[in-house]
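Q: give me a 3D structure for the following:
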Amino acid sequence: MLINWFTVVAQIVNFLILVFLLKRFLYKPIVKHMNEREERIAARLQEASEMRAEAQQQIDEFREKQEEMEEQSRQKLEEAENEAQLRRQELLEQARDQVQSKRQSWLQSLEKEKEDFARGLKKRSAQEILHFVQRVLQDLADEPLNNRLAEVLLARMKKLDDEVKQRLSKAAEEGEIEVRSTFELDTSMKDKITAALREFYEKDAEVAYKVDHEQPLGVEANAGSVKFSWSIAGYLDELESQVLTLFEEKSQRESDEKEGKEKTTGNQGNSDKNNSPQQQGNE
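A: Just a heads-up that it's a prediction; the model follows:
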């Protein structure tokens, strides 16, 4: 068989032309399109990867924030519990102090009432005793004793200073002089008292004598707004004043001693309270 080289060459040329045409118009566009598609896919994959990484980052940030919020919430809850416990302890301490203060105040008030009652009872007893003594003396008194009291009054009238005499004289000018006695004075004693009273002023004045069994044992002279008297009541009043003064001084001493003991006890209590936390801390 003979080979037609022209045909062979023509076929080769045709094949090369076909290859060129296929490459130029078919393979190259397809490859380009495939490369572009691959690039787009790669870009999308990259974008998806970036989005996934961003999403994971956001998830991680969210978790961190959530954990941080949970930690803050736990801390705040713990702080609130601690604060509530401290507040509860403070309220308990305040309530305990108030109860103790009210109890102490009530005890002090009760003690004061007891002291006031005892003091009043002592005063009342002293007054009753003195009044009883006065009634006994008044019941045992008689006219001679009353005259003797009048003589004492005369003796005291003679010892009056000039100022008192002037006051009595000025008061006597306003009206009559009235002399009261527990019992009836005899005539001679009335004359002595009248003469002594009339020495306080120049003109004569009426001197009226009255008996008052209710008044304290003694003699009393009234001239206007001025009163001059001497009676056993004066001594009894002075004795009563002295007795009550003694009671007051004794009560005051007892009260001062009690306050001193309470202060000493309070200072010891405060010292124990201050030492207690130190001991606990050392333990």
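
Q: just the CA atoms of stretch 74-93, as CSV, please.
A: In CSV, the C-alpha atoms belonging to stretch 74-93 read as follows (Å, rounded to 0.1, in the frame of the first residue of the first chain):
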residue,chain,number,x,y,z
ARG,A,74,-22.7,35.7,91.9
GLN,A,75,-20.5,38.4,93.5
LYS,A,76,-23.4,40.8,93.9
LEU,A,77,-25.5,38.0,95.3
GLU,A,78,-22.8,37.1,97.7
GLU,A,79,-22.3,40.8,98.6
ALA,A,80,-26.0,41.2,99.1
GLU,A,81,-26.1,38.1,101.4
ASN,A,82,-23.1,39.4,103.4
GLU,A,83,-24.7,42.9,103.6
ALA,A,84,-28.0,41.3,104.7
GLN,A,85,-26.2,39.3,107.3
LEU,A,86,-24.4,42.3,108.6
ARG,A,87,-27.6,44.4,108.6
ARG,A,88,-29.4,41.6,110.4
GLN,A,89,-26.6,41.5,113.0
GLU,A,90,-26.7,45.2,113.4
LEU,A,91,-30.5,45.1,113.8
LEU,A,92,-30.2,42.4,116.4
GLU,A,93,-27.5,44.4,118.2
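
Q: and the contacts of that stretch?
A: Around stretch 74-93, nothing counts as a contact under Cβ atoms under 8 Å, 6 or more residues apart in numbering. All C-beta atoms are positioned from the backbone trio N, CA, C, and that covers glycine.

Q: list the buried residues for it?
A: Of the residues in stretch 74-93, none count as buried by neighbour count, 16 or more other Cβ atoms under 10 Å.

Q: start at 29 instead
A: Right, with 29 as the first residue, what we last looked at is stretch 102-121.

Q: in the stretch 79-228 of the chain, which ranges drop under the pLDDT threshold?
A: The model of the stretch 79-228 of the chain has pLDDT under 70 over residues 149-151, 153-175, 177, 188-189, 192-204, 228.

Q: strands of the protein, start to end?
A: For the chain, the strands defined by DSSP state E occupy 205-209, 235-239, 246-251, 254-259.

Q: for the first one, which helices and strands make contact with it?
A: Based on contacts counted as 3 or more Cβ pairs under 8 Å, 6 or more residues apart in numbering; DSSP states H and E, the elements that strand 205-209 packs against are helix 171-186, helix 215-225, strand 235-239, strand 246-251.

Q: go again with 6 Å.
A: strand 235-239, strand 246-251 (3 or more Cβ pairs under 6 Å, 6 or more residues apart in numbering; DSSP states H and E).

Q: coming back round to it: out of the strands of the chain, which comes closest to Val36?
A: Val36 sits nearest to strand 254-259 of all these, at 180.5 Å, using Cβ to Cβ.
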